[in-house]
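*Asks:* model the structure of this input:
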Amino acid sequence: MSSTDLAAANSGTTPVREGYRFDEAALARWMHAHVEDFADPLSVEQFKGGQSNPTYKLVTPGRSYVLRRRPPGKLLPGAHAVDREARVMSALGEAGFPVARVYGLCTDEGVIGTDFYVMAMVDGRVFWDATFPDVPGHERPRYLDAMNAAMAQLHSLDPAAIGLADFGKPGNYFARQIGRWTRQYLEDTEAGRDPDMDALVEWLPGAIPPGDETSLIHGDFRCDNMIFHPTEPRIIAVLDWELSTLGHPLADFANHAMMYRMPPDIVPGLAGADLAALNIPSEQDYIAAYCARTGRDGISDYPFYLAFNLWRLAAIFHGIKGRVIRGTAANAQAQERAKAFPRLARLARQAMKECA
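*Replies:* Numbers count the residues shown, from 1 in each chain. Model prediction:
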């Protein structure tokens with residue numbers, strides 16, 4: 001799928017799709033009680049984007065809001081934890097990190113059928129193409145640098161100081177993540193097995209580099225998961241915190257910098273792009289900028305971090321494949337993601353071989 005097709009498929013809203021409707025009057029009653037300055041009438045639309053948690057636009061005469069909820073239907077244990085999203089965004093907002101304001105969290109399934117939270121609607125630009133084609137060439141380095149700076153800022157925050165000391169288990173991030181995604185991969189029997197995934201499942205636990213660090217990490221830090229200022233190379237809100245936790249900052253950075261290796265038809269990536277012609281910093285320069293901001297002297301074992309993240313993304317796509325099969329996929333384009341799963345698994349195995 002081209003970036004233009006991807007943007008068209010994920011941008012904007014549609015009427016709420018069959019299977020994702022809920023009691024809008026009940027939601028309005030909850031918002032009257034929990035959202036300051038809320039005023040009827042309320043109308044609900046569903047965003048096209050959002051692979052995992054269904055996302056809705058709530059329109060009122062005074063302002064618009066965004067609602068994120070757990071999807072209805074059979075769910076894997078621990079998945080779609082919207083309460084964690086709401087918590088981390090609230091803490092980050094108070095710490096001055098660019099996120100949307102969270103108005104409230106509801107864990108009473110009696111309101112709309114699943115847990116949900118309501119946040120501010122942030123107006124700005126979302127880029128579905130990592131080459132930033134709509135940005136003048138001389139400004140592109142500033143957009144890449146804004147992402148680099150935001151990631152460094154996130155990793156510099158002290159989780160305990162912003163009330164997130166218990167947001168995850170400190171230490172042994174790779175071992176825990178490998179265990180988690182291996183279990184989800186193996187337990188989702190409806191989505192099936194893949195020989196490339198199986199090879200990574202066997203190899204990864206014994207390839208973890210020595211040393212350990214812990215910081216707050218996003219888990220899916222991509223250009224299409226953030227909102228830029230309408231006219232400036234500045235991030236005004238980072239979105240989609242479902243995978244956030246306490247973890248290894250270099251895992252998070254490599255997952256973000258993986259855009260340099262990612263084919264753009266899977267998720268926004270730069271593989272195959274002429275970076276010099278586009279005036280986009282090289283992968284080496286991008287890594288160096290992050291290291292300068294975080295006081296590092298380079299990143300050893302970078303190939304492992306890439307292999308791990310490609311495998312983890314493949315595991316996420318495997319989960320989307322399972323939801324498509326079960327009929328609980330939140331996004332109309334989920335079938336495209338499911339079809340891309342085997343290709344991602346092959347890319348992960350290729351990266352694994354580069355570590356040998």
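*Asks:* how is Tyr65 assigned, secondary-structure-wise?
*Replies:* When the structure is reduced to helix, strand and coil (DSSP: H, G, I helix; E, B strand; the rest coil), Tyr65 reads as strand.
*Asks:* give me the pLDDT for the closest residue to it other than its chain neighbours.
*Replies:* On the basis of CB to CB, 6 or more residues apart in numbering, the spatially nearest residue to Tyr65 that is not a chain neighbour turns out to be Leu58, at 4.2 Å. In this view, the C-beta of every residue, glycine as well, is placed from N, C-alpha and C. According to the per-residue confidence, Leu58 scores 97 in pLDDT.
*Asks:* now Leu347
*Replies:* We have a pLDDT of 91 for Leu347.
*Asks:* contact partners for it?
*Replies:* Residues near Leu347 by CB atoms under 8 Å, 6 or more residues apart in numbering: 261, 263, 310, 314.
*Asks:* so it is in which element?
*Replies:* Assigned by DSSP states H and E, Leu347 belongs to helix 334-354.
*Asks:* can I get that helix in PDB, CA atoms only?
*Replies:* In PDB, the C-alpha atoms belonging to helix 334-354 read as follows (Å, rounded to 0.1, in the frame of the first residue of the first chain):
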ATOM      1  CA  ALA A 334      -6.400  -4.700   9.400                       C
ATOM      2  CA  GLN A 335      -6.500  -7.400   6.600                       C
ATOM      3  CA  GLU A 336      -3.600  -5.600   4.900                       C
ATOM      4  CA  ARG A 337      -1.600  -5.800   8.100                       C
ATOM      5  CA  ALA A 338      -2.400  -9.500   8.500                       C
ATOM      6  CA  LYS A 339      -1.200 -10.100   4.900                       C
ATOM      7  CA  ALA A 340       2.100  -8.300   5.700                       C
ATOM      8  CA  PHE A 341       2.900 -10.500   8.700                       C
ATOM      9  CA  PRO A 342       4.900 -13.200   6.800                       C
ATOM     10  CA  ARG A 343       7.000 -10.500   5.100                       C
ATOM     11  CA  LEU A 344       7.900  -8.900   8.400                       C
ATOM     12  CA  ALA A 345       8.800 -12.200   9.800                       C
ATOM     13  CA  ARG A 346      11.200 -12.800   6.900                       C
ATOM     14  CA  LEU A 347      12.700  -9.300   7.500                       C
ATOM     15  CA  ALA A 348      13.200 -10.200  11.200                       C
ATOM     16  CA  ARG A 349      15.000 -13.400  10.300                       C
ATOM     17  CA  GLN A 350      17.300 -11.600   7.800                       C
ATOM     18  CA  ALA A 351      18.200  -9.100  10.600                       C
ATOM     19  CA  MET A 352      18.900 -12.100  12.900                       C
ATOM     20  CA  LYS A 353      21.400 -13.500  10.400                       C
ATOM     21  CA  GLU A 354      23.200 -10.100  10.300                       C
END
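*Asks:* much appreciated, bye for now.
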